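J.: Structure here, sequence nowhere to be found:
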């Protein structure tokens, strides 16, 4: 039974440590802050008890003694308690107080450091806190105390004299008084200042000013404030990414969304996962494989169900398909086959049934059989076309596509028009999206479609497609999103 004081990092979930993620996956209880933890909570054990103890200006779910008591209480009987704290637990995170309370109660604890915003926010704004010939040292200080109140633990006069880089956390509310104290202590009025708000997140915004003007610069919480000559440097990269500041909706099924989401996040987008469909497995029986000349897969999801629930569930693997020719409708399906050690014999250049039919060979013998692995309900263009070629066609439905439930806040964001781009990867994502969301009254979102069939489905339901991917795959879809955003800007 151990309580782990885990640093969640500064906000970018990619900066979360591997050890922290592993602990969340097996946690029985997660006691979490308000800032910097929301995107990490989905990593937690599905059965974990989540306890919000977050603080906001003028509001606290619990005060510190109450938080300490909660950690002691659960630490006495739960196997794994994760205290998930923004940034680093021991950098203005009051982790020391929590460790002290646990030790006094005889509860075992460990500390898992996190990346502090004192360094990360500056780095994401392109500001090195030390730089050769400019600054050889930096000081991190809390600005939570009001320097004008008469008594303070922070020696602002000394900080004004020592030079170098000063990083102030939680100081936005008192920046005017802090700047005045630093100037009075000897810092130049022209000393550069950079305030990075919501550092390392999709909402990051950097204000650059000077000490003399900092009080009127509009610096707001939560900001990491960098004071010193390095604040004039600008090796910017994070806010220069092509999709930075863009809200993109991914309607793909949650089981398939991760690859698209990761690509968009890497380009700077704020991604709202609003899966309009979900894949529901259905029972099926794999036919006699020796009787089949071709097996045709129409989706990566079909590959996964066929291999895992069909072959592997009966102790078989890719070797069972050695006598069959394999066709994949597109590169994503082909890649899914490769995960099981199968290289498709036929992959068309365009990700639609008609393209596959155009390159499909004639039967090698009369009445050869082709098996199509697909969702239980799908277009009949492919089976009809193969029958015209002279094939016997068997259809194996391995899953069904149904409408997914959605987060009400995400639905409101889409309905209000506060998103920039909506992506569709299939006709079913379009139809279920319209059922889920209803009419979109705002003209703001740009609709990006993966291909012509998806575009046609969107148009039929009253949506205007702004850009269509070419090629018709995830790479093409991402490129289309980038193109649409660039055109708008």
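T.: Yep, it's here. Please read these numbers as outputs of a predicted model, since none were measured by experiment.

J.: tell me which helix or strand of the protein sits lowest on mean pLDDT?
T.: strand 59-60 (a mean of 58; mean pLDDT, DSSP states H and E).

J.: buried stuff in stretch 284-296?
T.: In terms of neighbour count (16 or more other Cβ atoms under 10 Å), stretch 284-296 has its buried residues at 284, 286, 292-296. Where C-beta positions appear, they are placed from N, C-alpha and C, glycine not excepted.

J.: Would you point out the most distant pair within those residues?
T.: The distance between the two most remote of those (Cβ to Cβ) is 20.0 Å, for 284 and 293.

J.: can I assume residue 123 sits in a helix?
T.: Yes - residue state for residue 123 (DSSP: H, G, I helix; E, B strand; the rest coil) corresponds to a helix.

J.: Now do the contacts for it.
T.: Going by Cβ atoms under 8 Å, 6 or more residues apart in numbering, residue 123 touches no other residue.

J.: secondary structure class for the residue lying closest to residue 172 once chain neighbours are set aside?
T.: Here the nearest residue to residue 172 in space, its sequence neighbours aside, is residue 221; by Cβ to Cβ, 6 or more residues apart in numbering that works out to 4.2 Å. Using three-state DSSP, the secondary structure recorded for residue 221 is coil.

J.: residue contacts, residue 221?
T.: Residue 221 touches 57, 170, 172-173, 197, counting by Cβ under 8 Å, 6+ apart.

J.: okay if I get those as CSV plus pLDDT and neighbour count?
T.: Compiled in CSV, the contacts of residue 221 are given as follows (pLDDT from 0 to 100; neighbours: other Cβ atoms under 10 Å):
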residue, pLDDT, neighbour count
57, 55, 9
170, 91, 17
172, 94, 21
173, 93, 16
197, 96, 21
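
J.: pLDDT score for the residue lying closest to residue 390 once chain neighbours are set aside?
T.: Closest residue in space to residue 390, ignoring its immediate chain neighbours: residue 363 at 5.0 Å, by Cβ to Cβ, 6+ apart. Note for residue 363: predicted pLDDT of 91.

J.: before we move on, what about residue 338?
T.: Reading off the confidence values, residue 338 has pLDDT 95.

J.: same deal with the one 4 residues further on?
T.: Residue 342 is assigned a pLDDT of 96 by the prediction.

J.: Which residue, neighbours along the chain excluded, lies closest to residue 451?
T.: Taking Cβ to Cβ, 6+ apart as the measure, residue 451 lies nearest to residue 472, with 3.5 Å between them; neighbours along the chain are not counted.

J.: Please apply the same query to residue 228.
T.: In space, residue 228 comes closest to residue 165 once its chain neighbours are excluded; the distance is 4.0 Å by Cβ to Cβ, 6+ apart.

J.: May I ask you to name the longest strand in the chain?
T.: Longest among the strand segments of the chain by residue count, using DSSP state E, is strand 392-403.

J.: buried residues in that one?
T.: The neighbour-count criterion (16+ other Cβ under 10 Å) identifies 392-393, 396-399, 401 as the buried residues of strand 392-403.

J.: where does the stretch 101-250 of the chain have low pLDDT?
T.: Under the criterion of pLDDT under 70, the regions of the stretch 101-250 of the chain flagged as low confidence span 146-152.

J.: Which residue ranges of it form strands?
T.: 108-112, 138-142, 165-169, 192-197, 205-210, 223-227, 247-250 (DSSP state E, counting those that start in this stretch).

J.: What strands flank the last one, and is each parallel or antiparallel?
T.: According to DSSP bridges, strand 247-250 has the following sheet partners: strand 270-273 (parallel), strand 421-424 (parallel).

J.: most tightly surrounded among these?
T.: Between these, strand 421-424 has the highest mean count of neighbours, a mean of 27, where neighbours are mean count of other Cβ atoms under 10 Å.

J.: Now do the same contact list for the closest residue to residue 298 other than its chain neighbours.
T.: Nearest residue to residue 298 in three dimensions, chain neighbours excluded: residue 374, at 4.4 Å (Cβ to Cβ, 6+ apart). Going by Cβ under 8 Å, 6+ apart, residue 374 touches 297-299, 302, 382, 395-398.

J.: again, but for residue 371
T.: Under the criterion of Cβ under 8 Å, 6+ apart, the contact list for residue 371 reads 287, 292, 294-296, 393-396.

J.: Among those, which one lies nearest to residue 201?
T.: For the contacts of residue 371, the minimum distance to residue 201 (Cβ to Cβ) is 43.6 Å, reached by residue 296.
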